[in-house]
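S.K.: fold the following for me, if possible:
(one chain, ligands or ions: 2)
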Amino acid sequence: MDPSEQKHFTIVDYVIFATLLAASMGIGLYHALSGGRQRTTQEFLMADRSMSCLPVSLSLIASFQSAVAIIGVPAEIYTHGTQYWFIGCAYVLGLLIPAHVFIPVLYRLRLSSAYEYLELRFSKPVRICGTLTFIFQTVVYMGVCVYTPAFALNAVTGFELWGAVLATGLVCTLYTTMGGLKAVIWTDVFQTVVMFAGQLAVIVVGVHKTGGVSEVWRKVLEGNRISGLDLNPDPTERHTFWTLAVGGVFLMLSLYGVNQAQVQRYLSSRTEKEAVRSCYMVFPSLQLALALSCVMGLVMFARYCGEDHSDKLGTSSRDAMVIYFVMDMLQGLPGLPGLFVACLFSAALSTISSAFNSLATVTMEDLIKPHFPPMTESRATLLSKALAMSYGLLCLAMAYLTHLMDDSVLQVALKIFGMVGGPILGLFCLGMFFPWANANGALAGLGAGLALAFWVGIGSIVTRSSGPRPPPPNCGAILLSNNTTAAIQTALSNVTLSRPSGLKRFYSLSYMWYSAVNCFTVVLIGLIISFLTGPMKEEDVAPGTIYPVLGKLFCFLPEHLQKKLCCVSPLRQTLPAEERRPPQHKEMNGLAYQQEDAPSQEETESFLPEGRAPVVELETTV
Ligand SMILES: CC(C)(CO)[C@@H](O)C(=O)NCCC(=O)O
Ligand code: NA
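M.R.: Ligands and ions are numbered 1, 2, ... in the order given. Coordinates of the predicted model:
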């Protein structure tokens, strides 16, 4: 890039950025020295199970809202229009189902690791496979998260690439290791606010410099960037209403339902009600986050009308282009470029810190503790800290791998969620909704799900077939003479018409379907193998691990029909409390289950469609 074009930082910008890092460290230090001083794994990994819903909900958003979304979503909207915005529809079911299906089951079992569920329901090997799959997913995703802001900044400001990667990795490792989950959650709160502030600043200044809201609107309409509802049922179409609103639900479930980072936050809540409430509170904030990044993409389009600035950037990456736009807007307004950089790094730090802490938790709870049972609490805590630290270093190595990839960062992140998160979601669905599923089925299902995921995923990368179709014409094309426009449009439609065939068509499955397809594969193969190897009997399934979904849907039917449908007799719910309690764990921390945690009758009722009786039979009492 031409050095004269390079955007510069003033002292104020550096001060703001440094303040972000210092404040995060400060929060870490505070939690290292206050409360129980992080001397137990209960505090370090579970925040003493004492969190209230506000910090938990902000932290839930922060976990999967990284610089990838802040840069990737505007780049997507700029290039392909607002179709991606329809993913907001998936947030409804994508949060209601975790709140009313996954949280009740997981919270009542009083777990520390979500994958402990898999051992209770199936067997130890299933738990270990689930944990290893999660570790793989998180480590790869972390690399993308650290690398993205550093790369984008480097392309535009000349900010030292590996210096930024190291600073993020080290600061994050330090405060996570010092302050445990409490520090992770409270820094998330602070960082989420900085994230929203940074995006808002860019939008306000951008709209102002482009000539006001009506001018922005005129240009995006002219450039054809406001997409209508695309109801094309073709599953290879990258973004349609179906891929985003239906496929997106499964993506959301794999993140908000069964991902350890999120489950750990639900479990750290003071009560179950508080956990459910925090899940509800995610909805408006996540919609806000989505709206901010989509609007930013539109403002950017209005500003450049789809111009190609790759000559100035030395890269044709749309992701780098977003940073170019931001710096272009904010130049000459001291402090604002710094605020935006703080916004990017806040987003990244909050995601990476959740990843470190959840990785330390599962490694400790699922891989180490079960094999070295007589470990003292101080030893276990020290080991957890060492784990958080080593994952920090591993993440730096992964950033280097991401450096070698070349795809839109948003697409890379969502592909990882779908390829690896989808099969894990399938495993939990198989366990919770199908009492017949056994451990062999679960292992075979997971294997098949992962195999299919990698086949399609790697196939699409190698043949480059899930890549975007040509973008709609931009302002430039509209301003050209009619002849040229016609020629461009014919060329475009020719490209769109040549559908891939055979295996290539299979590889070009939209990546938004990955979670759903992989989840179904796990359930289907899991059920087939379970029936072949002898399905589980109702009485052998550990109590509290099944969510009687059919029973709940058909609760108006007579009892004997319900029993046929869901295999878990409704009578079971009235068994004496003793029999329904989950097996005792080391981690039960002596807290008795509190009855007021369960949603009250009216609350449950209000989420049900009309004419359906309230369902309260899952409630456990001790
Ligand atoms: C997880 C979703 C899809 C929720 O909208 C969104 O935050 C997103 O697109 N995230 C991309 C991954 C990331 O930001 O790291
Ligand atoms: Na984040």
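
S.K.: count of residues packed around I458?
M.R.: For I458, the neighbour count with other Cβ atoms under 10 Å is 12. All C-beta atoms are positioned from the backbone trio N, CA, C, and that covers glycine.

S.K.: repeat for T533
M.R.: 12.

S.K.: so where's the longest helix in the protein?
M.R.: helix 161-210 (DSSP state H).

S.K.: dihedrals phi and psi, the residue nearest the centre of the chain?
M.R.: Note on the chain: the residue nearest the mean C-alpha position is F64, at 3.9 Å, using Cα atoms, centre = their mean. In terms of degrees, to the nearest 10, the main-chain angles of F64 are phi -120, psi 20.

S.K.: was I right to think it contacts S254?
M.R.: No: look at F64 against S254 with Cβ atoms under 8 Å: they stay out of range, at 10.3 Å.

S.K.: any chance you could list what contacts stretch 193-203?
M.R.: 20, 58, 62, 65, 70, 288-289, 292-293, 295-296, 299, 326, 329-330, 336, 339-340, 342-344, 346-347, 350 (Cβ atoms under 8 Å, 6 or more residues apart in numbering).

S.K.: just give me how far whichever strand or helix holds A342 sits from the chain centre.
M.R.: Assigned by DSSP states H and E, A342 belongs to helix 336-362. Counting by Cα atoms, centre = their mean, to the nearest Å, helix 336-362 is centred 13 Å from the centre of its parent chain.

S.K.: is any residue of it near ligand 2?
M.R.: Yes: applying Cβ under 5 Å from the ion, one finds helix 336-362 touching ligand 2 at 347, 350-351.

S.K.: now do that helix, average pLDDT.
M.R.: Per-residue pLDDT over helix 336-362 has a mean of 91.

S.K.: and if you look at stretch 443-456?
M.R.: Rounded mean pLDDT across stretch 443-456 is 95.

S.K.: mind pulling up the pLDDT for V139?
M.R.: So, for V139, pLDDT stands at 92.

S.K.: ok, it - contacts?
M.R.: 359, 391, 394-395, 398.

S.K.: and for H309?
M.R.: Per Cβ under 8 Å, 6+ apart, neighbours of H309: 321, 324.

S.K.: got any ranges where the chain has weak pLDDT?
M.R.: 1-7, 306, 308, 310-316, 405-407, 465-500, 561-622 (pLDDT under 70).

S.K.: need the residues of this protein near ligand 2, please.
M.R.: 62, 65-66, 347, 350-351.

S.K.: output the contacts of V139 as TSV; include the columns neighbour count and secondary structure.
M.R.: Converted to TSV, these look like this (neighbours: other Cβ atoms under 10 Å; DSSP: H, G, I helix; E, B strand; the rest coil):
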residue	neighbour count	secondary structure
L359	25	helix
Y391	24	helix
L394	17	helix
C395	26	helix
M398	21	helix
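
S.K.: wait, which of these is closest to M536?
M.R.: Set against M536, the nearest of these by Cβ to Cβ is L359 (30.9 Å).

S.K.: which residues does the closest residue to the closest one other than its chain neighbours contact?
M.R.: Counting by Cβ to Cβ, 6 or more residues apart in numbering, Y391 is the residue found nearest to L359 once chain neighbours are left out, at 4.6 Å. Applying Cβ under 8 Å, 6+ apart to Y391 gives the contacts 139, 142, 355-356, 359-360, 363.

S.K.: redo that, cut-off 10 Å
M.R.: Contact analysis of Y391 by Cβ atoms under 10 Å, 6 or more residues apart in numbering lists 135, 138-139, 142, 173, 176, 352, 355-360, 363, 398.

S.K.: for those residues, which one is nearest ligand 2?
M.R.: Nearest to ligand 2 among those: I352, at 7.8 Å, using Cβ to the ion.

S.K.: quick revisit: please enumerate the shared neighbours of F64 and S254.
M.R.: Common neighbours of F64 and S254 (Cβ under 10 Å, 6+ apart) are 262, 417.

S.K.: quick one: the closest residue to R238 other than its chain neighbours and S123, what's the gap?
M.R.: Nearest non-adjacent residue to R238, counting by Cβ to Cβ, 6+ apart: S510, 5.0 Å away. Distance from S510 to S123, counting by Cβ to Cβ, to the nearest Å: 35 Å.

S.K.: those two: which is more packed in?
M.R.: S510 (21 against 16).

S.K.: got the contact list for the residue nearest to R238?
M.R.: By Cβ under 10 Å, 6+ apart, the contact list for S510 reads 234-240, 242-244, 247, 418, 460, 466, 517.

S.K.: likewise P284?
M.R.: 57, 61, 91.

S.K.: ok, back up a step: is the longest helix of the chain anywhere near ligand 1?
M.R.: No: Helix 161-210 lies apart from ligand 1 when judged by Cβ under 6 Å from any ligand atom; the minimum separation is 10.6 Å.

S.K.: give me the angle between that helix and helix 336-362.
M.R.: Helix 161-210 and helix 336-362 are oriented at 130 degrees to each other (axes from the mean of the first three to the mean of the last three Cα atoms, to 10 degrees).

S.K.: if we can go back for a sec, return a PyMOL selection command for the buried portion of the contacts of S510.
M.R.: Remark: buried members of the contacts of S510, expressed as a PyMOL selection using 16 or more other Cβ atoms under 10 Å:
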select buried, resi 235+236+237+238+239+240+242+243+244+247+418+460+466+517
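
S.K.: out of the contacts of S510, flag the one nearest to G35.
M.R.: Looking across these and measuring by Cβ to Cβ, the closest to G35 is G418, at 38.1 Å.

S.K.: correct me, but the closest one touches L450?
M.R.: No: between G418 and L450 there is no contact under Cβ atoms under 10 Å: 11.9 Å.

S.K.: overlap of the contact sets of those two?
M.R.: By Cβ under 10 Å, 6+ apart, the residues touching both G418 and L450 are 457, 518.

S.K.: domain ranges for this protein?
M.R.: 11-464+505-531, 537-563 (the TED database).

S.K.: pick the most buried one from those domains.
M.R.: Sort these by mean neighbour count, taking mean count of other Cβ atoms under 10 Å, and domain 11-464+505-531 sits at the top with a mean of 21.

S.K.: please name the nearest non-neighbouring residue to A114.
M.R.: Spatial nearest neighbour of A114, excluding adjacent residues (Cβ to Cβ, 6+ apart): V263 at 3.9 Å.

S.K.: residues touching the one you found, list them.
M.R.: 98, 102-103, 106-107, 111-115, 117, 256-257, 275, 358, 361, 428.

S.K.: excluding chain neighbours, what is closest to the residue in the stretch 201-350 of the chain that ligand 2 sits nearest to?
M.R.: As assessed by Cβ to the ion, ligand 2 sits closest to S350 within the stretch 201-350 of the chain, at 3.6 Å. Of all residues not flanking S350 in the chain, A62 sits nearest, at 3.7 Å (Cβ to Cβ, 6+ apart).

S.K.: wait, isn't the one you found in contact with S354?
M.R.: Yes: with contact defined as Cβ under 10 Å, A62 and S354 form a contacting pair (7.0 Å).

S.K.: so what sits against both of those two?
M.R.: Listed as contacting both A62 and S354 by Cβ under 10 Å, 6+ apart are 184-185, 187-188, 261, 265.

S.K.: so who does G257 touch?
M.R.: Applying Cβ under 10 Å, 6+ apart, the residues near G257 are 94-95, 97-99, 101-103, 106, 114, 250, 263, 266, 279, 421, 424-425, 428-429, 432.
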